[in-house]
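1. Generate a structure from the sequence data that follows.
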Amino acid sequence: MSLTDLAVVLVGAALIAWELWFFLGPRRGGEAAHPNRSGVQEVRIVVKGGYNPDTILVEAGRPVRLHFYRDETAECSERVVFESLNIDEALPAFETKTIEFIPPTPGDYPFRCGMSMLRGRVVAQQGRDSARANLGKGHHKHG
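-> Down below sits the predicted model:
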């Protein structure tokens, strides 16, 4: 094995490790949705190589309004899918698309892009105070 072959193998291994960390590594803490005057819980999510924030904490049983701003033209982020809520919507590039739903029970409501490369989740908890108290700690099932 030549020095060039060794360098190629090392760079390849480093790129594979980075990709695994990027897609499967630890996530940042979540962001609590803020209720507006009418009680609808709202969060703005920027879509650019991922979802920011990718974890949203809400109160179960109350309306949620997510404003997805797609700040890119990547084919992967053209759609947002909440399978458990039967939501599959197009996200136009450089525009905001609003998705509304009511999480019926406490639990995780994952969402993803159309290619399943980008992932996020809405964590619905019992009561608004518990959602704020657990900000960044994750859902009780996921620690």
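2. Quick one: distance of the top helix by length along the chain to the chain centre.
-> Of all the segments assigned as helix in the chain under DSSP state H, the longest by residue count is helix 3-24. Per CA atoms, centre = their mean, to the nearest Å, the displacement of helix 3-24 from the mean C-alpha position of its chain is 26 Å.
3. Which helix or strand contains the residue nearest the centre of the chain?
-> Centroid check for the chain by CA atoms, centre = their mean gives Gly120 as the closest residue, at 2.1 Å. Element membership of Gly120, judged by DSSP states H and E, is strand 119-125.
4. what's in contact with that strand?
-> By CB atoms under 8 Å, 6 or more residues apart in numbering, the list of residues contacting strand 119-125 from outside reads 30, 45, 51, 53-61, 64, 66, 82, 103, 105-113, 131, 134, 138-139. C-beta coordinates here come from the backbone N, C-alpha and C atoms, glycine included.
5. How about the nearest residue to Glu95 once chain neighbours are set aside: which residues does it bridge to?
-> Setting aside the residues directly before and after it, Glu95 is nearest to Arg70 in space (CB to CB, 6 or more residues apart in numbering), at 6.6 Å. With beta bridges defined as DSSP bridges, Arg70 has these partners: Val47.
6. Hmm, Phe94 and Arg70 touching each other?
-> Yes. Taking CB atoms under 8 Å as the contact criterion, Arg70 and Phe94 are neighbours in contact, 6.7 Å apart.
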